[in-house]
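> Based on what follows, work out the 3D shape:
(one chain, ligands or ions: 1)
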Amino acid sequence: MVLTDEKLFKSQAHIAGKWVDAASGAVYPVTNPADGGLLGHVPDMDGEDAQRAVAAAESALPRWRSMTAAERAGLLMLWYQSILDHTEDLARIMTLEQGKPLSEARGEVKYGAAFLQWFAEEGKRVYGDIIPSPANDRRILAIKQPIGVAALITPWNFPLAMLTRKAGAALAAGCTVVAKPAEDTPLTALAFAELGQRVGIPAGVFNIITTRNPAPVGYAFTQSSAVRKLSFTGSTEVGKRLMADCAATVKRISLELGGNAPFIVFDDADLDEAVAGALASKYRNSGQTCICANRFLIQDGVYDAFAERLTAAVKRLRVGPGMEDSGQGPLINQAAIDKVDSLVADAIAKGARALCGGNRHALGGTFYEPTVLTDVNEGMACVQQEIFGPVAPLMRFHEEAEAVQLANDTAFGLAAYFYARDIGRIWRVSEALEYGMVGVNQGVISTEVAPFGGIKESGLGREGSKYGIDEYLEIKYLCMGGL
Ligand code: SIN
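Below you'll find the model as predicted:
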């Protein structure tokens, strides 16, 4: 791997300020999804390694939590700057292990760094309250304190930003961290840890363990009484299991789980904007984000025009390796492309038509053709399940209430999008959509300043924004009597 700073390429995990192997000595290969090539090996750790990392975080906790917020913020700001200074190397590592185009990877480095900057600032504003007392001889206060050791389990689709969104909040709040990056993409997280060590994050405050077998590690986190907080981004299925396992130690949890985002286009929408928003929302990261538009609900009067314009735009998307900065990179692995392929086959078998794409790409491997499907209906699996690939299924509707009903007819509630101009409709639909986030005439909604998170089976808690730090804080009530 060609890097300006070769020391950012790591093949060991990071525990108690040291670069370490698995206790068993086991390793596993990390590969490039664009060509299957070997990038390197990292430790294949287990539950015991996880306990070792938790112990390191536990012993670093008293000192870290007793530092002032400004002292912690100073270190986080140095880390933030160091990430930006190494943008190119981090982006290359990310593209090589994750597959996204280099320009998207550079964008993620900036997005990821922003969470450290944001939470460095928010950490200084963790205010409590003085509550009017019901008795003259008593004073009532509420203060906020760090929860303790936080275990963070992060996904492969945003190898840096999903880690910093959690770790920035946890560390700024005064928690220490044990992080487990996704098995497909550990290298970006390890490079991030290296930069943290360089700027002086104390030993044990931020630990990373790697594994290709996440279940025993996740279980060790959930069963540890030292871990007081678990934050997970990933599938709803795994999130539910972690939630059940956390009951054993009554941990605070944050879950950012699956979505089934509707993208609604009403007759009064600006169609050019709607097509641009659809492209950005659907095909970012080759359709591999939890908030990607998953099903398109298009009102009758603009259906044909929208379908035609979207198809023309999708046909212009370039597919190829992320290192060549093609607009559409490969999918993460074989299971991902098999799922996309079977969802498209199911839709076609049930009467959908491909306006473009609909097949594995001629490049082979895990490349899939950017696809638009028309004549889609609710009986098709692609509108019931999260596609996580570059496929846009289009459905027709007639009335506003019908669109809202279709949009809400899912167990998920992460993100929704709609395009309209009528102000009354904008308010009505914004309020009626049962989702944690709604993009109104806007296809890209992610930013560190806004609360990211879902309702229903899409998760619990919020990340980023002024609310994100509360996920790592406990409220303590002080009753001061005898006055
Ligand atoms: C996700 O896919 O989980 C996160 C997407 C984002 O932050 O934009």
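
> contacting residues around the residue in the stretch 351-483 of the chain that the ligand sits nearest to?
Using Cβ to the nearest ligand atom, the single residue of the stretch 351-483 of the chain nearest to the ligand is residue 446, 3.2 Å away. The way it works is simple: take the backbone N, C-alpha and C, and place the C-beta from them, glycine included. Contact analysis of residue 446 by Cβ atoms under 8 Å, 6 or more residues apart in numbering lists 111, 291, 452.

> if we look at the ligand, which of these are close to it?
Contacts with the ligand within those, as defined by Cβ under 6 Å from any ligand atom: residue 291.

> Just the ones of the contacts of residue 446 in helices?
Residues of the contacts of residue 446 located in helices (DSSP state H): residue 111.

> Can you tell me which residues in the stretch 201-350 of the chain are near the ligand?
Those residues of the stretch 201-350 of the chain that sit near the ligand, judged by Cβ under 6 Å from any ligand atom, are 233, 256, 289, 290, 291.

> residues near the fourth one, how many?
Residue 290 is flanked by 28 other residues according to other Cβ atoms under 10 Å.

> Distance of the nearest residue to it once chain neighbours are set aside relative to residue 430?
Spatial nearest neighbour of residue 290, excluding adjacent residues (Cβ to Cβ, 6 or more residues apart in numbering): residue 259 at 4.8 Å. According to Cβ to Cβ, to the nearest Å, residue 259 and residue 430 sit 17 Å apart.

> In terms of neighbours, single out the busier of those two.
It is residue 259, of residue 259 and residue 430, that has more neighbours when counted by other Cβ under 10 Å, with 28 against 14.

> Run through who's touching the helix or strand residue 294 falls within.
Assigned by DSSP states H and E, residue 294 belongs to strand 293-299. Outside strand 293-299, the residues that touch it by Cβ under 8 Å, 6+ apart are 259-267, 278, 281-282, 306-307, 310, 376, 382-383, 386-387, 392-398, 403, 406-407, 417, 443.

> in the stretch 301-450 of the chain, which spans are strands?
In the stretch 301-450 of the chain, the strands defined using DSSP state E, counting those that start in this stretch lie at 353-356, 371-374, 391-397, 415-419, 437-440.

> Could you list the paired strands of the last one along with their orientation?
Strand partners for strand 437-440, identified by DSSP bridges, are recorded as strand 415-419 (parallel).

> quick one: low-confidence ranges for the stretch 51-200 of the chain?
Within the stretch 51-200 of the chain, no range satisfies pLDDT under 70.

> Around the ligand, pick out the residues from it.
Residues of the stretch 51-200 of the chain lying near the ligand (Cβ under 6 Å from any ligand atom): 157, 158, 161.

> which of the residues you listed has the most neighbours?
residue 158 (28 neighbours).

> quick one: that one from residue 111, how far?
Distance of residue 158 to residue 111, given as Cβ to Cβ: 8 Å.

> Ok, residue 435 next?
According to Cβ to Cβ, residue 435 stands 21 Å off from residue 111.

> who has more neighbours, the two?
residue 435 (25 against 18).

> Hmm, the more buried one is touching residue 453, no?
No. In terms of Cβ atoms under 8 Å, residue 435 does not count as a neighbour of residue 453; the distance is 10.2 Å.
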